[in-house]
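S.K.: missing the sequence, but the structure's below:
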């Protein structure tokens, strides 16, 4: 029996002239035999409906125009014989509409273009990227680059300080999904971990505490050379940013933690903070 195709859920940006997410999805789909589901949500202000007989007529024509535009955007998929489907919906709350459609689609990966924002804007406004990171049930690939990846490196960022079972499962999921990209795209896997506490990364007690994911065993565990494992001490976000500047990865893979309320607003999440300070595409694992 043929294994079910991996499903890529691609967010089409109606305001963009160039669909960065679709470009990346097509690259992945061609190499990984994936199905692309292109999602487009539109909504026009009622003031623009004056030329039409009714609001309903305006909505009908707007959806028809958007559907035709999306079919034109999918032309590279047809040329490359990549399996795809499209969905065009009308709703003023496109993020919640997207999440409902995503859950119904049973997709394996959400791909969305992202643009760097200032920390102030992220803090004071409820950006779609942050909302998706906290509520999306599947991994998300946030893409900044429009064309093929210029680097052949995938950097998996692990949390080796936290000892609970949830973080252990998340570390395994991060490496698993990073390895999947490496396999599909023909890239090289690197692993990074940042320790904020002042400890000796070669200390025997620390190795025992980390167990299977001990820093000194990481290379052997994942069949990587010593130069592929980067262990650093310092502030997590700033140190990972420095590692990215040094390594220049195409994709950074990191886990996400859902935080809500005041704590979530003030503390945030490493993935959210990295989104605006690195040039690489960011793959978040819930």
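M.R.: Noted; the coordinates are in hand. Since this is a predicted model, take the numbers as computed values, not measurements.
S.K.: not counting its neighbours along the chain, what's nearest residue 181?
M.R.: Spatially, and ignoring its direct neighbours in sequence, residue 181 is nearest to residue 154 (5.3 Å; C-beta to C-beta, 6 or more residues apart in numbering). C-beta here means a position set from N, CA and C on the backbone, and glycine is covered the same way.
S.K.: what about the one you found, which helix or strand?
M.R.: Element membership of residue 154 [criterion: DSSP states H and E] is strand 153-158.
S.K.: that strand pairs with which strands, and in what direction?
M.R.: Within its sheet, and counting by DSSP bridges, strand 153-158 is paired with strand 188-195 (parallel), strand 251-255 (parallel).
S.K.: just the helices in the stretch 101-250 of the chain please.
M.R.: Secondary structure of the stretch 101-250 of the chain, counting by DSSP state H, counting those that start in this stretch: helices at 119-124, 128-135, 165-185, 204-210, 218-221, 236-247.
S.K.: how about those helices in CSV, adding mean pLDDT and mean neighbour count?
M.R.: Compiled in CSV, these are given as follows (pLDDT from 0 to 100; neighbours: other C-beta atoms under 10 Å):
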stretch, mean pLDDT, mean neighbour count
helix 119-124, 46, 12
helix 128-135, 88, 18
helix 165-185, 88, 17
helix 204-210, 47, 14
helix 218-221, 67, 16
helix 236-247, 94, 16
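S.K.: between these, which one is closest to residue 4.
M.R.: Between residue 4 and these, the shortest separation by C-beta to C-beta is 15.0 Å, and it involves helix 165-185.
S.K.: other residues contacting the closest one?
M.R.: 27-28, 31-32, 139, 149, 154-160, 187-189, 191, 213, 222, 250-251, 253-255, 283, 285 (C-beta atoms under 8 Å, 6 or more residues apart in numbering).
S.K.: residues contacting the residue most central in space within the chain?
M.R.: The centroid of the chain falls nearest to residue 141 when counting by C-alpha atoms, centre = their mean (2.2 Å). Taking C-beta under 8 Å, 6+ apart as the contact definition, residue 141 lies against 21, 24, 109, 110, 111, 112, 251, 281, 282, 283.
S.K.: from those, pick the one nearest residue 70.
M.R.: When the contacts of residue 141 are compared for distance to residue 70 (C-beta to C-beta), residue 21 comes out closest, at 12.8 Å.
S.K.: what about the closest one, distance to residue 169?
M.R.: 28 Å (C-beta to C-beta, to the nearest Å).
S.K.: also residue 139?
M.R.: Going from residue 139 to residue 169 by C-beta to C-beta gives 14 Å.
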